[in-house]
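K.L.:
What would the 3D arrangement of this be:
(chains A, B and C)
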Amino acid sequence: MTTDSITFNHILGQGRVNQLGGVFINGRPLPIHVRHAIIAMAKKGVKPCHISRQLKVSHGAVSKILNRYAETGSISPGQIGGSPRARLTVQAVEKEIIIAHEENPHLSAAELRDVLVQKDVCTKGNAPTVPAIKRLIGARGSPPSSNSSHHPTPQIKKMERKRLSYSIDSILGISIG
DNA sequence: AGCGTAACGGTTGAA
DNA sequence: ACTTCAACCGTTACG
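P.N.:
This next block holds a predicted model:
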């Protein structure tokens, strides 16, 4: 354990030690395996304080990660640098869309998109486009599609799409494609 | 003792 | 190529 804890953290020279004796890198997210361990232990019913001591992670971080997981279901940290325009975790949005769809299967893609905005999961600016949502909910096993009237797809949508080409829309598109 | 939250110092990545 | 800026990070400290 002792030699394992130091390895590359020390080699890289960025490793710092917190009050609990755990190694962390200031300004950087915790390693993924630590996060996974936190979630796994929480699922087993381990109390947060115990998790904190066991993994040598500050209780503040444990609280934060646990809370994030409870709300979004996402283990990964949020997007750090990048564009000032809202860019949030794809997983969170994807999950929210699925949840919203399961809870309200009758809602249209546009309605689901609005729900996302209302839930503050994303904003009007970064919300995925209707086609993207349709693809997402359609790929999961809901086979409505076919017949009915196809949407006219206004030009403004095209503009938005261009603006969001770097955003979750494109990511969502390739993620589930 | 345990948990939530603000403050603090730090890094990242696009503009 | 360099600087700015806004988002997030985890630790620490306080309530």
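K.L.:
so how far is residue A:28 from whichever residue of chain A sits closest to DNA strand B?
P.N.:
When scored by CB to the nearest atom of the strand, chain A has residue A:81 as its residue closest to DNA strand B, at 2.1 Å. In this view, the C-beta of every residue, glycine as well, is placed from N, C-alpha and C. Distance, residue A:81 to residue A:28, using CB to CB, to the nearest Å: 12 Å.
K.L.:
More neighbours: which of those two?
P.N.:
Legend: neighbour count by other CB atoms under 10 Å for residue A:81 and residue A:28, higher for residue A:28 (10 against 5).
K.L.:
residues contacting the nearest residue to that one once chain neighbours are set aside?
P.N.:
Once flanking residues are discounted, residue A:28 sits nearest to residue A:14: 7.6 Å by CB to CB, 6 or more residues apart in numbering. Applying CB atoms under 8 Å, 6 or more residues apart in numbering, we find residue A:14 in contact with A:25, A:26, A:28.
K.L.:
Output the lowest mean pLDDT helix or strand found in chain A.
P.N.:
Across the helices and strands of chain A, mean confidence by mean pLDDT, DSSP states H and E is lowest for helix A:155-163: a mean of 38.
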